[in-house]
Structure formats: C-alpha cells, structure tokens
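*Asks:* 3D, please:
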Amino acid sequence: MERQRAKLEWDERYSVGIQVIDNQHKTMFLTINKLIDVVGNDPDKEELKEIIQSLLEYKKLHFTTEERYFEKAHYAGAPEHIEAHKKFGERLAEIQEKCGEDVIMLTFELVDFLEDWLIDHLMNMDQKYKEPLRVAGLK
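*Replies:* Predicted coordinates:
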C-alpha cells in the first residue's frame, strides 16, 4: 500500500499582498489537497472529472482576476505572465483529454503537474508583480 502523499500547506511567503488573489491561491492548495485525498481513496473517473472541472473554473476566475490587477497597475510583466497562464490552460486541457486513460495514473500526473506549477508560479512569476501592484496602491 502506498504511503499517503504529503499535503501542501500555505505559507505566508507565497502571499502577493492582494487578499483576493491570496485567497484564490489558497483555494488551489485545497483543490490539490483534495486530489491527494482522492489518490489515496481509489478514485473513479467521475470524481476526477469533477475536480478537473473545478480547476477549469478556478483557472478562468483566478487568471481573470490577476490580469485585471495587471491592467490597473500597468504591470510591465503582464505579457509574460499571461503567456504562463495560457500554457497552464493548455496543459490542463491535455490532461483533461486523457481522462479516458488509467484514472489512477492520470490523477498522479495531475497532482504532480499542479504541485510543481503552483509552487514554481507562486515563488517566481507571482512574486514579480507583488511590488508593482503595491506601488500602484492595489490591495
């Protein structure tokens, strides 16, 4: 029997100083942790599809929110950041298309992708806009 994967924990160093964005990031942590739970409980295809659907909804809401803030702050790094959002969406769509395959392997792939992407994105891309948004007076 496989050992339960460690869950992601929010840390203040991930914060970008914008409460609505931080709260959306925390929601992503919860979704990834839900996937980790599902992996440990012999997931079925329907459970996985529901989580993927929630990720698609999250992606749309969150990326729209961030991009609106970029516009308000005239953030110079917006094009690069928006491209990263686009690539996330493309990768998520690829995973969604594969949903007919082995659900267990697909779930592991999704968890690995999301964990890597989220931590890298929060620590690298998102931290770049923290100061410009603060200077623009956005909260």
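
*Asks:* Give me the buried positions along the biggest helix by length in the chain.
*Replies:* Scanning the chain for the helix with the most residues, using DSSP state H, yields helix 45-73. Neighbour-count burial for helix 45-73, counted by 16 or more other C-beta atoms under 10 Å, picks out 47-48, 51-52, 55, 59, 62-63, 66, 69-70, 73. Bear in mind the C-beta positions are built from the backbone N, C-alpha and C, glycine included.

*Asks:* Now do it: which elements does it pack against?
*Replies:* helix 19-39, helix 78-97, helix 103-120, helix 127-135 (3 or more C-beta pairs under 8 Å, 6 or more residues apart in numbering; DSSP states H and E).

*Asks:* Rebuild those as CSV, extending it with mean neighbour count.
*Replies:* Below are these laid out as CSV (neighbours: other C-beta atoms under 10 Å):
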stretch, mean neighbour count
helix 19-39, 17
helix 78-97, 14
helix 103-120, 16
helix 127-135, 15
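
*Asks:* Tell me which of the ones you listed sits nearest to A6.
*Replies:* Of all the helices and strands packed on helix 45-73, helix 19-39 sits nearest to A6, with 8.0 Å by C-beta to C-beta.

*Asks:* what is the rounded mean pLDDT of that closest one?
*Replies:* The pLDDT scores in helix 19-39 average 90.

*Asks:* Alpha carbons of it, as PDB, please.
*Replies:* The C-alpha coordinates for helix 19-39 follow below in PDB (Å, rounded to 0.1, in the frame of the first residue of the first chain):
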ATOM      1  CA  GLN A  19      -6.200  39.400  -0.300                       C
ATOM      2  CA  VAL A  20      -8.500  38.200  -3.100                       C
ATOM      3  CA  ILE A  21      -5.500  36.700  -5.100                       C
ATOM      4  CA  ASP A  22      -4.100  35.100  -1.900                       C
ATOM      5  CA  ASN A  23      -7.500  33.600  -1.200                       C
ATOM      6  CA  GLN A  24      -7.700  32.200  -4.700                       C
ATOM      7  CA  HIS A  25      -4.200  30.700  -4.300                       C
ATOM      8  CA  LYS A  26      -5.300  29.100  -1.000                       C
ATOM      9  CA  THR A  27      -8.300  27.600  -2.900                       C
ATOM     10  CA  MET A  28      -5.800  26.000  -5.300                       C
ATOM     11  CA  PHE A  29      -4.000  24.500  -2.400                       C
ATOM     12  CA  LEU A  30      -7.300  23.000  -1.100                       C
ATOM     13  CA  THR A  31      -8.000  21.600  -4.600                       C
ATOM     14  CA  ILE A  32      -4.600  19.900  -4.900                       C
ATOM     15  CA  ASN A  33      -5.000  18.500  -1.400                       C
ATOM     16  CA  LYS A  34      -8.400  17.200  -2.400                       C
ATOM     17  CA  LEU A  35      -6.700  15.400  -5.300                       C
ATOM     18  CA  ILE A  36      -4.100  14.000  -3.000                       C
ATOM     19  CA  ASP A  37      -7.000  12.600  -0.800                       C
ATOM     20  CA  VAL A  38      -8.700  11.200  -3.900                       C
ATOM     21  CA  VAL A  39      -5.500   9.400  -5.000                       C
END
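
*Asks:* Perfect, that will be all.
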